[in-house]
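Asks: next come a sequence and a model predicted from it.
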Amino acid sequence: MKTVLFILTFLISHLLNYGQLSDTIRDSRDGKVYKTIKIGTQTWMAENLAYKSASGAWSYNNNDSNLATYGYLYTWDGANDACPSGWHLPNDDEWKTLEKFLGMIETEANASGSRGENANTGGKLKAISGWVNNNKATDEFGFAALPGGNYSSNQNEFYFIGQNAMFWTSTPIKNEFAWYRDLHNDDGKVFRGFRSKKLAFSVRCIKN
């Protein structure tokens, strides 16, 4: 009996500290409800943000029917102002913390370009459905990344819905650029790079 109680106590403690605990939050600004997930020590939104900020936000192809699945695409400035109270746009290091929890080694986490293939880090983040010809997706931690594509205001063009999940971080690099993450439909990698702040990507908020 003592052994059973010890095992149960250990499992509960493990889940509370390191497991995935799902919940929801309601955005008081517009009433939208979002799924959330605790992964390791972090709590993330488990859906793309769909709050219409004052500026710098577009639905893919300006078609609001895409919002329920893929949320808005935000410029970097718009993304930094879009998360609800108690939440924020994750910085580059917070993304690294998530990646390392999912098995990415330290040297890869600090590198730019495509990383995490051996641990299938990208596959662990990707939703099982909602992608075109999805490969390596397991979504075993409930993050459920979805490929909202991106928008270029300079070219007034939308790209890669169903194929690429591109997420801003709050970490700038130089004056015109910021770090972002990119998941592809055809592999289990996570691309880390920097792009112009004027491009519009998806947002996943992290709890303060």
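Replies: Structure's in. What do you need?
Asks: this protein: strands as residue ranges?
Replies: 21-26, 33-39, 42-45, 57-58, 73-74, 87-88, 113-115, 150-152, 157-159, 164-173, 177-184, 190-196, 199-200, 206-207 (DSSP state E).
Asks: winner for burial among the ones you listed?
Replies: Sort the strands of the chain by mean neighbour count, taking mean count of other C-beta atoms under 10 Å, and strand 73-74 sits at the top with a mean of 27. Backbone N, C-alpha and C define where each C-beta goes, glycine included.
Asks: packing partners of that one?
Replies: In terms of contacts (3 or more C-beta pairs under 8 Å, 6 or more residues apart in numbering; DSSP states H and E), strand 73-74 is packed against strand 57-58.
Asks: pLDDT wise, what is L16 at?
Replies: Note for L16: predicted pLDDT of 43.
Asks: wait, I meant N133
Replies: For N133, pLDDT reads 88.
Asks: so which residue is dead centre in the protein?
Replies: Taking C-alpha atoms, centre = their mean, the centroid of the chain lies closest to R204, which sits 4.3 Å from it.
Asks: now for the closest residue to G40 other than its chain neighbours: which residues touch it?
Replies: Among residues not flanking G40 along the chain, F101 sits closest, at 4.1 Å (C-beta to C-beta, 6 or more residues apart in numbering). Taking C-beta atoms under 8 Å, 6 or more residues apart in numbering as the criterion, F101 is in contact with I39, G40, Q42.
Asks: kindly report the same for R26.
Replies: R26 makes contact with K32, V33, Y34, according to C-beta under 8 Å, 6+ apart.
Asks: for those residues, which one is nearest I105?
Replies: Y34 (30.9 Å; C-beta to C-beta).
Asks: what about that closest one, distance to T97?
Replies: 21 Å (C-beta to C-beta, to the nearest Å).
Asks: which regions of the protein sit below the pLDDT cut-off?
Replies: 1-20 (pLDDT under 70).
Asks: make it 90
Replies: 1-22, 54-55, 133-135, 153-155, 174 (pLDDT under 90).
Asks: wait, doesn't F191 sit right on A165?
Replies: No - the criterion here is C-beta atoms under 8 Å, and F191 misses it with A165 at 10.2 Å.
Asks: and for these two, which residues touch both?
Replies: With contacts defined as C-beta under 8 Å, 6+ apart, the residues shared by F191 and A165 are D182, L183.
Asks: now find how far off-centre stretch 85-94 is within its chain.
Replies: Centroid displacement of stretch 85-94 relative to its chain, using C-alpha atoms, centre = their mean, to the nearest Å, is 11 Å.
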